[in-house]
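S.K.: here is a sequence with its predicted model. Questions after.
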Amino acid sequence: MPPKPTAIVGLDVLCHATENLLGAQQNEYSDMLMLECIRRVFEWLPIVFEEPGNIEGRTQLSWASTNAQANGGVPQGHAIGHAIGAAYGVVHAHACVLVLPSVIRHHAESYPDKIYALAKIVGVPVEEDVVTVANRVAKKYVAFYKQFGLGNLQDTLKAAGHPDDKKTFVEKIIPLTLDDFKSRIWMPPIHRPEDHDVLVSLLEQIYDEA
């Protein structure tokens, strides 16, 4: 598989594994597998991107893909990713990986042990409070997807011919997100009327991610 499709598929694995780890349907068994999937993606995807014929790397990523897809219901993130894809024609994995940094921040205080485990995998300091550590992990995820030539949200929208400002983006994405059943299993929730400000904040974070 050529480098760009390899990166897209590998990032979809990362989305599934991270969302399953932080999602409302996780369990001790799936947590163990998701952390290992994430570790393998961070280690091997850059190698396979540079060396498309690297069989060991393909084997490692195949393992991660199989386990990330087969465990959990990707409840966190995909609802917004689906909305971005539908509204702007962004490739699925690219749309979903744009959401991941905000997913990580959103769940920092709900799943501190998992945030610290992610921090160790991606190689950021873990000495401070969980919100600080989650922000570091989120920035590491952004740097990771950018190394494969993917832009942040604003650059992606401009490249697709949709240079929407933040207000327009938020107004366009909210109803599409809430129409996706996965938005109703976020925890902390985003789908209730009283969660409106939380959802707006999430979408603004996604829009502003540098």
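M.R.: In hand now; what should we look at?

S.K.: going along the chain, name the helices of this structure.
M.R.: 3-22, 28-50, 55-70, 78-88, 92-106, 112-122, 130-146, 153-159, 166-179, 196-208 (DSSP state H).

S.K.: redo these as JSON lines? Include mean neighbour count.
M.R.: The C-beta positions use only the backbone N, C-alpha and C, and glycine is treated the same way. Listed next are these as JSON lines, based on neighbours: other C-beta atoms under 10 Å:
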{"stretch": "helix 3-22", "mean neighbour count": "23"}
{"stretch": "helix 28-50", "mean neighbour count": "19"}
{"stretch": "helix 55-70", "mean neighbour count": "17"}
{"stretch": "helix 78-88", "mean neighbour count": "22"}
{"stretch": "helix 92-106", "mean neighbour count": "24"}
{"stretch": "helix 112-122", "mean neighbour count": "18"}
{"stretch": "helix 130-146", "mean neighbour count": "19"}
{"stretch": "helix 153-159", "mean neighbour count": "16"}
{"stretch": "helix 166-179", "mean neighbour count": "17"}
{"stretch": "helix 196-208", "mean neighbour count": "18"}
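
S.K.: want to throw those into a markdown table with distance to M187 and mean pLDDT?
M.R.: Shown next, in a markdown table, are these (distance: least, C-beta to C-beta, whole Å; pLDDT from 0 to 100):
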| stretch | distance to M187 | mean pLDDT |
| --- | --- | --- |
| helix 3-22 | 9 | 95 |
| helix 28-50 | 15 | 96 |
| helix 55-70 | 20 | 93 |
| helix 78-88 | 13 | 96 |
| helix 92-106 | 10 | 95 |
| helix 112-122 | 13 | 96 |
| helix 130-146 | 16 | 97 |
| helix 153-159 | 24 | 95 |
| helix 166-179 | 15 | 97 |
| helix 196-208 | 12 | 96 |
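
S.K.: the ones you listed: which one's closest to I185?
M.R.: Smallest distance to I185 across those (C-beta to C-beta): 8.7 Å, for helix 78-88.

S.K.: export the helices of the chain as JSON lines, with columns for distance to W186.
M.R.: As requested, the helices of the chain are arranged in JSON lines below (distance: least, C-beta to C-beta, whole Å):
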{"stretch": "helix 3-22", "distance to W186": "10"}
{"stretch": "helix 28-50", "distance to W186": "17"}
{"stretch": "helix 55-70", "distance to W186": "19"}
{"stretch": "helix 78-88", "distance to W186": "7"}
{"stretch": "helix 92-106", "distance to W186": "8"}
{"stretch": "helix 112-122", "distance to W186": "15"}
{"stretch": "helix 130-146", "distance to W186": "16"}
{"stretch": "helix 153-159", "distance to W186": "19"}
{"stretch": "helix 166-179", "distance to W186": "10"}
{"stretch": "helix 196-208", "distance to W186": "9"}
